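Novice: Next one to model:
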Amino acid sequence: MRVHDGVPEYVVCWANESGADHDIALTESDISGLIRAKAAIYAGFEVLCQSVGVDLADVEQILIGGAFGQYINIAKAIRIGLLPDQPIERFHFLGNTSANGAYSALLCVNLRHDVLDVAAKMTYLELSADNTFMDAYTSALFLPHTDLECFSQRA
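Specialist: Predicted structure coming up:
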């Protein structure tokens, strides 16, 4: 622990130990941001499943795209309540889906038609206007979660 620029922080790795230009440190603000982000992501899973009448346990695959998914440790994400407590085999990384999809759609006319078909089947769910989301978000603002039954399998 140290105080840097008037802010208490925990040094995870000193620069001289890692060869980096600066120390890697966590502040209370960093942890608070992580908790808010994990609460929003988990609440999104919960409300999406509720809105279509599916139990999280019945979801066969959880697809993770983008840079976020590229570096996430599934077991640790489940432990803190970021991801639902499901078997690791159900999680699949897709990589940079937006860039790959845009590139593919530009190069293939048939794929553009597939994209339009999928888009026509999509439903928009406004989470910010739904009290269910705020309730789920508030419940998820803890490590790992207030509902320990949701995280009893592997946490």
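
Novice: pull the helix or strand with minimum mean pLDDT from the chain.
Specialist: helix 66-71 (a mean of 81; mean pLDDT, DSSP states H and E).

Novice: following that one, which helix or strand comes up?
Specialist: Moving toward the C-terminus from helix 66-71, the next helix or strand (DSSP states H and E) is helix 74-79.

Novice: Give the other helices and strands that that following helix contacts.
Specialist: On a contact count with 3 or more CB pairs under 8 Å, 6 or more residues apart in numbering; DSSP states H and E, helix 74-79 meets no helix or strand. For glycine as for every other residue, the C-beta is placed from the backbone atoms N, C-alpha and C.

Novice: Please save the CA atoms from it in CSV.
Specialist: This file holds the C-alpha atoms of helix 74-79, laid out as CSV (Å, rounded to 0.1, in the frame of the first residue of the first chain):
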residue,chain,number,x,y,z
ILE,A,74,-13.7,-17.4,-17.2
ALA,A,75,-13.2,-19.1,-13.8
LYS,A,76,-12.2,-15.8,-12.1
ALA,A,77,-15.0,-13.9,-13.9
ILE,A,78,-17.5,-16.4,-12.5
ARG,A,79,-15.9,-16.2,-9.1
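
Novice: Give me the contact list for the next helix or strand after it.
Specialist: Counting by DSSP H and E, the next helix or strand C-terminal to helix 74-79 is strand 91-95. If you take CB atoms under 8 Å, 6 or more residues apart in numbering as the criterion, strand 91-95 is touched by 61, 62, 63, 64, 65, 69, 70, 74, 83.

Novice: and what of stretch 22-42?
Specialist: 2, 4, 7-15, 18, 77, 80-84, 136-138, 140-143, 145.

Novice: let's see it at 7 Å
Specialist: 4, 7-15, 80-82, 137, 140-141, 143 (CB atoms under 7 Å, 6 or more residues apart in numbering).

Novice: sorry, back to before: neighbour-wise, give me the winner out of the contacts of strand 91-95.
Specialist: residue 83 (22 neighbours; other CB atoms under 10 Å).

Novice: returning to that earlier point: need the buried ones from the contacts of stretch 22-42 selected in ChimeraX.
Specialist: If you want just the buried ones from these in ChimeraX, going by 16 or more other CB atoms under 10 Å, the selection is:
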select :9,80,81,82,137,140,141
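
Novice: in which helix or strand would I find the residue nearest the centre of the chain?
Specialist: Nearest to the mean C-alpha position of the chain, by CA atoms, centre = their mean, lies residue 41 at 4.8 Å. Here residue 41, judged by DSSP H and E, is contained in helix 28-52.
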